[in-house]
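> fold the following and give me the result.
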Amino acid sequence: LAATISPLPFSDTLLLDKNHPMYEWQVERNSKLGGVMPNLGKMGVTPEAELANGRMAMMGIIACVAYSGIQGQSMIDTINEWVGGAYF
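Numbering: from 1, shown residues only. Predicted structure coming up:
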């Protein structure tokens with residue numbers, strides 16, 4: 001769903017038509033690895049920034065799942081604890 005509403009340069013090549021003008025650029029971009037830490041020298045919404053943001057979001061979800069499992073509580077209760085009881 002997110003790939004359908006994201007800006008074109010960040011969409012998946014599986015969703016692009018092979019005749020689309022940006023198809024070759026997408027295939028070239030997807031062939032390069034981001035590395036452990038992508039270059040974040042440019043400001044704004046760049047492919048590198050999106051890669052780093054996605055990795056940090058995944059780490060947050062993993063931390064939430066792990067903490068919930070260790071504490072034996074639901075993820076909603078864990079998030080509520082982390083935000084200082086703002087939900088309920």
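> secondary structure element holding the residue nearest the centre of the chain?
Centroid-nearest residue in the chain: Gly54, 2.2 Å away (criterion: CA atoms, centre = their mean). Counting by DSSP states H and E, the element that carries Gly54 is helix 47-71.
> buried residues in that helix?
Using 16 or more other CB atoms under 10 Å as the test for burial, helix 47-71 gives 50-52, 68. C-beta: built from backbone N, CA, C; applies to glycine.
> do you know the pLDDT at the residue of the chain most remote from its centre?
For the chain, the residue at maximal distance from the C-alpha centroid (CA atoms, centre = their mean) is Phe88, at 28.1 Å. pLDDT, Phe88: 79.
> what's the spacing between it and Gly54?
According to CB to CB, to the nearest Å, Phe88 and Gly54 sit 29 Å apart.
> and if you look at Glu24?
Relative to Gly54, and taking CB to CB, Glu24 is found at 24 Å.
> with Tyr67 instead?
Separation of Tyr67 from Gly54 (CB to CB): 21 Å.
> which strands or helices does the helix or strand harbouring Ile79 pack on?
Following DSSP H and E, one finds Ile79 within helix 75-82. Where contact means 3 or more CB pairs under 8 Å, 6 or more residues apart in numbering; DSSP states H and E, helix 75-82 is packed against helix 47-71.
> now for the helix it packs on, which elements pack on it?
helix 75-82.
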